[in-house]
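# from the sequence below, what's the structure:
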Amino acid sequence: MGSRYVMESGFYMTSFAATIFIASLVTVGVLLITLLITLTVMLQSCQSKSSGVVEIQKTVDDYNGCKFFALYPELNILEADEIPSTCQAFAIWYIKAGQYAKDLNATMQAVENYFSSITSPNDGLDVVLMDVDDILSSDPHHTNLLMHRFEQFGCHDCVKEATHLKHLLIFRLYMKLRAGGWPLVLLSRRSLIQKNATVGHLISAGYSGWTSLIMRSDEELQMDTCQYFSTRRALMQRDGIRITGVISSRMDALTGPYLGKRIFKLPNALYYNFESTSISE
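Sure thing, here's the model as predicted:
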């Protein structure tokens with residue numbers, strides 16, 4: 001006969017039954033350990049996802065904050081403070097991810113579509129105002145400082161690429177408007193003393209055939225730029241000139257009275273909002 005085991009309770013178990021019992025305990029133990037490991041992995045995964053959600057939310061909040069930081073001084077024609085490091089990173093992303101190029105192309109397409117849908121009258125009195133400071137480069141020394149700063153954030157050519165794209169698309173728009181017979185009036189924030197140099201820069205950049213180039217007199221240099229632009233537009237309308245459209249990337253040229261039929265705000269890469277800021281090395 002097979003061996004039997006006697007339990008203290010008086011329960012008898014064969015060796016075969018004992019083997020099955022022990023195997024069952026081992027199986028249950030393995031299942032419990034497996035369950036524990038699975039729960040641990042799931043908990044870590046949930047924590048990771050939760051951390052990711054928090055991080056994404058923080059990124060979204062930072063981006064929205066930077067948009068406000070850039071938009072507020074632009075809309076109110078104020079000088080901005082120095083760019084926070086987080087906003088510098090988003091400015092780089094805005095260019096490198098191609099969003100600035102998409103915004104600029106979309107705006108240019110909207111301008112071209114509008115002017116292709118209407119015809120310039122033959123009397124030469126319906127004009128398009130364009131901002132010279134969008135056509136010509138800003139102060140080279142300041143641009144070099146901006147490029148140096150963005151190089152520290154891993155974007156050596158961001159400023160150069162964005163500026164080149166802007167100038168390329170504006171030149172294309174300028175030539176299409178000329179071909180469409182639209183008289184083009186160029187408005188500048190610069191002093192009249194710089195007129196010869198400005199004309200030279202325009203010609204060397206391929207621009208020609210504009211109707212007039214308006215620059216600031218000594219008296220107008222004492223005005224803020226918004227008032228200066230408004231005054232000049234008022235004088236044009238007094239002389240019977242009809243403003244069909246105003247094209248600029250800066251709000252001082254797009255606010256105030258006598259704006260004509262349409263205004264077109266060109267997008268700025270975020271760093272453009274700080275071009276007038278004093279940046280130290």
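# helices and strands around the helix or strand that contains Thr163, which ones?
Counting by DSSP states H and E, the secondary-structure element that holds Thr163 is helix 158-179. The elements that helix 158-179 packs onto, with contact taken as 3 or more Cβ pairs under 8 Å, 6 or more residues apart in numbering; DSSP states H and E, are helix 85-96, helix 99-116, strand 126-131, helix 132-135, helix 140-151, strand 184-191. For glycine as for every other residue, the C-beta is placed from the backbone atoms N, C-alpha and C.
# deepest-packed of these, please.
strand 126-131 (a mean of 23; mean count of other Cβ atoms under 10 Å).
# for stretch 120-132, give me every contacting residue.
With Cβ atoms under 8 Å, 6 or more residues apart in numbering as the test, stretch 120-132 has contacts from 115, 170, 174, 177, 180-190, 198, 202, 211, 213, 233, 236, 240-250, 253, 260.
# for PyMOL, what selects the buried ones among the residues you listed?
The command below creates a PyMOL selection of those among those that count as buried (16 or more other Cβ atoms under 10 Å):
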select buried, resi 115+170+174+177+182+183+184+185+186+187+188+189+198+202+213+233+236+241+243+244+245+246+247+248+249+250+253+260
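# hmm, back to that, how about the helix holding Thr163: buried residues?
By neighbour count on 16+ other Cβ under 10 Å, the buried set for helix 158-179 is 158-159, 161-163, 165-167, 169-170, 173-174, 177-178.
# dump the residues you listed into CSV; add pLDDT and distance to Thr107 as well.
Formatted as CSV, the entries for the buried residues of helix 158-179 read as follows, by pLDDT from 0 to 100; distance: Cβ to Cβ, whole Å:
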residue, pLDDT, distance to Thr107
Cys158, 72, 20
Val159, 71, 20
Glu161, 80, 18
Ala162, 82, 14
Thr163, 82, 16
Leu165, 89, 12
Lys166, 90, 11
His167, 91, 15
Leu169, 95, 9
Ile170, 96, 11
Leu173, 97, 10
Tyr174, 98, 15
Leu177, 97, 15
Arg178, 96, 19
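# okay if I get those as CSV plus distance to Thr40?
Converted to CSV, the buried residues of helix 158-179 look like this (distance: Cβ to Cβ, whole Å):
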residue, distance to Thr40
Cys158, 45
Val159, 49
Glu161, 48
Ala162, 49
Thr163, 53
Leu165, 51
Lys166, 54
His167, 58
Leu169, 56
Ile170, 59
Leu173, 61
Tyr174, 65
Leu177, 67
Arg178, 70
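# can you tell me which of these is nearest Ile37?
Proximity to Ile37 was ranked across those by Cβ to Cβ; first place goes to Cys158, at 47.5 Å.
# that closest one contacts Ile92, correct?
Yes - under the criterion of Cβ atoms under 8 Å, Cys158 lies in contact with Ile92, with a separation of 5.7 Å.
# hang on, Asn268 packs against Ser248?
No - in this structure, Asn268 sits apart from Ser248 without contact. The criterion is Cβ under 8 Å, and the distance is 10.5 Å.
# please report how far Phe115 lies from Ile247.
10 Å (Cβ to Cβ, to the nearest Å).
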